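# Dropping a prediction and its sequence here:
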Amino acid sequence: MKQFYILLAVLGIFSACKKEAGKTVETEEQSAPDFVVAFGSCNMAQEPNSFWDDILAEDPDVWIWGGDIVYADTDDVERLRSIYAMQDTVAGYAKLRNEVPIIGTWDDHDFGVNDGGSDFAIKAESQQVFLDFMGVPEASARRDQDGVYAAHEYEVPAGKVKVIVLDTRYFRSELIKDEDSNKRYKPSMDSTATVLGKAQWQWLENELNRSDADFNLIMSSIQVLSGEHGFETWGNFPLEIEKLENMIAQSKAKGVMILSGDRHISEFSRNDVAGLSYPLVDFTSSGLTHSYSSFSGEPNQYRVGEVVSDKSYGVIAFDFEKKEADMKMKGDNGVVLQELKQTY
């Protein structure tokens, strides 16, 4: 009988230890974010994209194309249309499209010409093909304006997010080739040179000034803050960067951040702008189906963390109460490659 009680005691102790051990491995369940944005760029319809199921698993409130949705590089409108159609046949993307609102902009390869700008001969026709792909109604005012820029507002019980999608192609002035170094382009100080064009600049100013959103995301396709590498960037037009930063600061819009793509790398850039009560972040997410795998380094005085040269997509989770944006670069199966949290 004594041995029986000893056995019970041992079992009781074991059970208690097991229970206590269970507490140590329990993780506090994370509360769901108030709003989730997923975005990416540089996507070849002909190449496998392993991220669509991962992106859908993020349960995003919106997917934002950052440009180079397809690689067409053509002035043949029907060929351009057929390449977009190829993207629509991708099963993973079709599923995302059916479940999540999709917005975005173009960059050079879906615009129709590498590093292309305002002098591209079929830009008006290309715009209509792009709008067709994005499902923009025939009666939309976007069908009549020059350029694919647009603003979208999303309101949830906790607050509001505004996404301002820019067109950095339709109006962009000619780039200046750099014949004196190993860089492709050099900055222009011409006061008449532009990235956005007069009408789009006026529109952007109005969208920022009247915004009552808790967070304002500006999708730029090309990088804004990283301007030293000599490829395409707002850095080729320093006066335009100054104009953009001043406009953001003077607007008093809350929680403004830049999203960009184009580079086949992902990185965070951050700069303190005069008159702005929070740092301006440029979150570059680029390389959905192919990336700059041979990347060996380049200067960026505003970089935070390291460059990610693996294929990736971007996710931003917003907490309206904390006024916080949790930005993550993610790889296959949702693996976090790098993270940056910013309070506004």
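Cool, got the structure.

# Just the buried residues of the helix or strand hosting Leu244, please?
Using DSSP states H and E, the element containing Leu244 is helix 238-251. By neighbour count on 16 or more other Cβ atoms under 10 Å, the buried set for helix 238-251 is 239-241, 243-245, 247-249, 251. Quick note: C-beta positions are derived from backbone N, CA and C, even for glycine.

# again with stretch 324-336
Neighbour-count burial for stretch 324-336 [16+ other Cβ under 10 Å]: 324-331.

# So what would you say the end-to-end distance of that stretch is?
Using Cα to Cα, to the nearest Å, the end-to-end distance of stretch 324-336 comes to 18 Å.

# for stretch 89-105, same thing?
Terminal residues of stretch 89-105 are spaced 20 Å apart (Cα to Cα).

# From Trp201, how far off is the closest residue to Ala249 other than its chain neighbours?
Taking Cβ to Cβ, 6 or more residues apart in numbering as the measure, Ala249 lies nearest to Gly275, with 3.5 Å between them; neighbours along the chain are not counted. Going from Gly275 to Trp201 by Cβ to Cβ, to the nearest Å gives 18 Å.

# The two: who's more crowded?
Ranked by neighbour count (other Cβ atoms under 10 Å), Gly275 and Trp201 place Trp201 first, with 17 against 10.

# In what element of secondary structure is that one found?
helix 198-209.

# next helix or strand past the helix or strand of the chain at the bottom of the mean pLDDT ranking?
Scoring the helices and strands of the chain by mean pLDDT, DSSP states H and E places helix 2-25 at the bottom, with a mean of 36. Sequence-wise, the next helix or strand downstream of helix 2-25 (DSSP H and E) is strand 35-40.

# Contacts for that next one next, please.
Contact with strand 35-40 is made by 51, 55, 58-66, 100, 104, 154, 156, 158-159, 161, 163, 215, 217, 219, 259, 261, 285-288, 312-318, 320, as judged by Cβ atoms under 8 Å, 6 or more residues apart in numbering.

# Give me the mean pLDDT for that strand.
Strand 35-40 carries an average pLDDT of 98.

# Walk me through which strands it pairs with, and which way each runs.
According to DSSP bridges, strand 35-40 forms sheet pairs with strand 62-66 (parallel), strand 313-319 (antiparallel).

# what about the ones you listed, which gets the closest to Glu78?
Closest to Glu78 of these is strand 62-66 (Cβ to Cβ; 21.7 Å).

# ok so, going back, for ChimeraX, write a command that selects the buried ones of the contacts of strand 35-40.
Buried residues among the contacts of strand 35-40 (16+ other Cβ under 10 Å), as a ChimeraX selection:
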select :51,55,58,60,61,62,63,64,65,66,100,104,154,159,161,163,215,217,219,259,261,285,286,287,288,312,313,314,315,316,317,318,320
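
# Which residue ranges of the protein form helices?
2-25, 52-57, 77-88, 91-99, 108-111, 123-133, 198-209, 238-251 (DSSP state H).

# Could you dump those into CSV with distance to Ser294 added?
Shown next, in CSV, are these (distance: least, Cβ to Cβ, whole Å):
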stretch, distance to Ser294
helix 2-25, 42
helix 52-57, 25
helix 77-88, 26
helix 91-99, 27
helix 108-111, 19
helix 123-133, 31
helix 198-209, 35
helix 238-251, 28
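
# Could you identify which of these is most buried?
Most buried of those, by mean neighbour count (mean count of other Cβ atoms under 10 Å): helix 108-111, with a mean of 26.

# picking up where we left off before, quick one: which of the strands paired with strand 35-40 is nearest Arg303?
Across those, Arg303 has its closest neighbour in strand 313-319 (15.8 Å, Cβ to Cβ).

# Alpha carbons only: can I get the closest one in PDB?
Taking C-alpha atoms only, strand 313-319 is exported to PDB below (Å, rounded to 0.1, in the frame of the first residue of the first chain):
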ATOM      1  CA  TYR A 313       7.700  40.400 -51.200                       C
ATOM      2  CA  GLY A 314       6.800  43.200 -48.700                       C
ATOM      3  CA  VAL A 315       4.200  43.200 -45.900                       C
ATOM      4  CA  ILE A 316       3.200  46.100 -43.600                       C
ATOM      5  CA  ALA A 317       1.000  45.600 -40.600                       C
ATOM      6  CA  PHE A 318      -0.500  48.700 -39.100                       C
ATOM      7  CA  ASP A 319      -1.500  49.300 -35.500                       C
END
